[in-house]
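Colleague: structural data only, the sequence is not supplied:
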Ligand SMILES: Cc1cc2nc3c(=O)[nH]c(=O)nc-3n(C[C@H](O)[C@H](O)[C@H](O)COP(=O)(O)OP(=O)(O)OC[C@H]3O[C@@H](n4cnc5c(N)ncnc54)[C@H](O)[C@@H]3O)c2cc1C
């Protein structure tokens, strides 16, 4: 009798954040059978929707920019109408200090990098010397080189570029915190330069601000899951992977609960802390685990405040100088009039405040900036202690590639060696690159 045909083991993607989803879509599109296992009851990972009263908010307020090319390509690939889900505005930053407009920085529609140079020169707030020094830095951006194997802090870079204390405090420090989520004295100049170059040196549209007009879960996770299932991939929610079986003959399996699932390839698309936990029992992965241990974490705090629907900001996002609050967003963009979200990146004195005190202090800062606003009617404080890996100077040396020393075992996630900070773009790029490497290994 002929043997019954056995179905080939699928590629198992562990983790349904944006990196895992990107990898799963790319593998599925290339006819690789995929099983995606996600421990939570929903997809999206750190960029997921959460409940807020009777409605929804995001795990943290997210901002995207036009340079997120891999993310935009993935949305297109899934058939998503980008103009419907994302609002695109030319870069425009306004900050307030003690209730008064302090800085206005607007990039006109000129070819890159002239739009950056014009934005610096015409910035309202900083003095002429501050702007001229910033202009000099902007002109150096393309040719500026760090030692090949070295890195310095963003603060050291700005000092060596003779940036004035005022420009550092008003522009560069808030930009560094917003993009690298790491204090300026520790943040990597190498990663910061990469962000500035990707944003400002190629096309003027790359510096556009992209605001999601839908909750994050509906931006990528829900459409991606529907696409995956339509194309034959399996997506299992509420399934936590607790172990890996990697034997010497190249047999691979993941363990979840009592089930052991054989895999042709395993993509660990979890945060780095979980990837390390799953790999730490396997001797060939010891050195890799040692690297992951050095990545560190930075928090992000988000406060949602519900005001009456008439309350709005002068533009979708503003900055607050010298306060606990750093950036304030108007969720009207996302169809939620009156909902204001306040973001505090990285570590700081806010970490030492209890929830009530922190909330009251931020409400006070907003009241000082917008005295006509009434008191909020509801609030939600989200403190994510492990929001991102720490983009500190030298971190690129310990960021792993997608390939691991065990054949068939791969890593995907914002912390891999994309050269970018922890962002949605970094996560998607890592997932796509991981899938591409798997496909190449199959040839
Ligand atoms: C508050 C906050 C604000 C942010 N703001 C921005 C922003 O403005 N712009 C921007 O670009 N980026 C921002 N980021 C960063 C961005 O969200 C992340 O870089 C990105 O979501 C990381 O995606 P990922 O797929 O690499 O990891 P994750 O999103 O962490 O996905 C990993 C997934 O693995 C699952 N998992 C973990 N362990 C297991 C297991 N054992 N078995 C099965 N599944 C498991 C998790 O549940 C999760 O779904 C922000 C992040 C946070 C937290």
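Modeller: Here it is on my side, so go on. As the structure is a computational prediction, the values presented were derived from the model and not from experiment.
Colleague: hey, let's count contacts and neighbours off CA atoms from now on
Modeller: Noted.
Colleague: quick one, what contacts the nearest residue to residue 133 once chain neighbours are set aside?
Modeller: Distances taken as Cα to Cα, 6 or more residues apart in numbering put residue 163 closest to residue 133, at 5.8 Å, once the chain neighbours are dropped. Applying Cα atoms under 8 Å, 6 or more residues apart in numbering, we find residue 163 in contact with 130, 133-134, 137.
Colleague: residues from this protein in reach of the ligand?
Modeller: Residues of the chain lying near the ligand by Cα under 6 Å from any ligand atom: 14-20, 37-40, 43-47, 59-64, 239-242, 269-271, 274, 300, 384, 387, 413-414, 422-425, 427.
Colleague: now with 5 Å, please.
Modeller: When proximity is defined by Cα under 5 Å from any ligand atom, the chain lies next to the ligand at 14-19, 38-39, 45-47, 60, 62-63, 240-241, 270-271, 300, 387, 413-414, 422-424, 427.
Colleague: count of residues packed around residue 52?
Modeller: 14 (other Cα atoms under 10 Å).
Colleague: er, residue 266 actually
Modeller: Residues near residue 266, counting by other Cα under 10 Å: 26.
Colleague: helix, strand, or coil at it?
Modeller: strand (DSSP: H, G, I helix; E, B strand; the rest coil).
Colleague: surely it is in contact with residue 11?
Modeller: Yes - taking contacts as Cα atoms under 8 Å, residue 266 lies within contact range of residue 11: 5.8 Å.
Colleague: hang on, the earlier thing: can you pick the most crowded of the contacts of residue 163?
Modeller: Neighbour-wise, these (other Cα under 10 Å) top out at residue 134, 24 neighbours.
Colleague: contacting residues for that residue?
Modeller: So residue 134 contacts 120, 163, 167 (Cα under 8 Å, 6+ apart).
Colleague: tell me where the stretch 301-443 of the chain has strands.
Modeller: 317-321, 327-330, 339-345, 378-389, 409-411 (DSSP state E, counting those that start in this stretch).
Colleague: hmm, I was thinking of the stretch 1-150 of the chain
Modeller: Counting by DSSP E, counting those that start in this stretch, the strands of the stretch 1-150 of the chain are 11-14, 34-38, 49-52, 55-58, 64-65, 86-89, 92-97, 100-106.
Colleague: can you lay out these as TSV showing mean pLDDT?
Modeller: Putting the strands of the stretch 1-150 of the chain into TSV (pLDDT from 0 to 100) gives the following:
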stretch	mean pLDDT
strand 11-14	98
strand 34-38	98
strand 49-52	95
strand 55-58	94
strand 64-65	98
strand 86-89	97
strand 92-97	94
strand 100-106	93
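Colleague: any stretches of the stretch 1-150 of the chain with poor pLDDT?
Modeller: 1-6 (pLDDT under 70).
Colleague: surely residue 395 touches residue 189?
Modeller: No - if you go by Cα under 8 Å, residue 395 and residue 189 don't touch, sitting 10.5 Å apart.
Colleague: more crowded one of those two?
Modeller: residue 189 (26 against 22).
Colleague: with adjacent residues omitted, what lies nearest to that one?
Modeller: residue 154 (4.4 Å).
Colleague: please report phi then psi for that neighbour.
Modeller: Per-residue torsions, residue 154: phi -60, psi -40 (degrees, to the nearest 10).
Colleague: pull the contacting residues for it.
Modeller: Residue 154 touches 176, 184-189, 192, counting by Cα under 8 Å, 6+ apart.
Colleague: repeat that with 6 Å
Modeller: 184, 187-189 (Cα atoms under 6 Å, 6 or more residues apart in numbering).
Colleague: do the same with residue 410
Modeller: 267, 402-404.
Colleague: show me what it is bridged to.
Modeller: Residue 410 has these beta-bridge partners by DSSP bridges: residue 267, residue 403.
Colleague: got it, and residue 263?
Modeller: Bridge pairing for residue 263 - DSSP bridges - gives residue 252.
Colleague: circling back to that earlier point, could the contacts of residue 154 go into CSV alongside pLDDT, distance to residue 374 and secondary structure?
Modeller: Formatted as CSV, those follow (pLDDT from 0 to 100; distance: Cα to Cα, whole Å; DSSP: H, G, I helix; E, B strand; the rest coil):
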residue, pLDDT, distance to residue 374, secondary structure
184, 97, 35, coil
187, 98, 38, strand
188, 98, 41, strand
189, 97, 42, helix
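Colleague: scan those and report the most crowded one.
Modeller: Going by other Cα under 10 Å, residue 188 tops the contacts of residue 154 with 29 neighbours.
Colleague: list the contacts of it.
Modeller: Residue 188 neighbours (Cα under 6 Å, 6+ apart): 153-154, 391-393.
Colleague: what's the answer for residue 386, then?
Modeller: Contacts of residue 386 by Cα under 6 Å, 6+ apart are 297-299.
Colleague: gap between residue 294 and residue 42?
Modeller: 29 Å (Cα to Cα, to the nearest Å).
Colleague: compare neighbour counts for the two and give me the winner.
Modeller: residue 42 (18 against 14).
Colleague: ok, and the closest non-adjacent residue to that one?
Modeller: Closest to residue 42 by Cα to Cα, 6+ apart is residue 237, at 6.4 Å.
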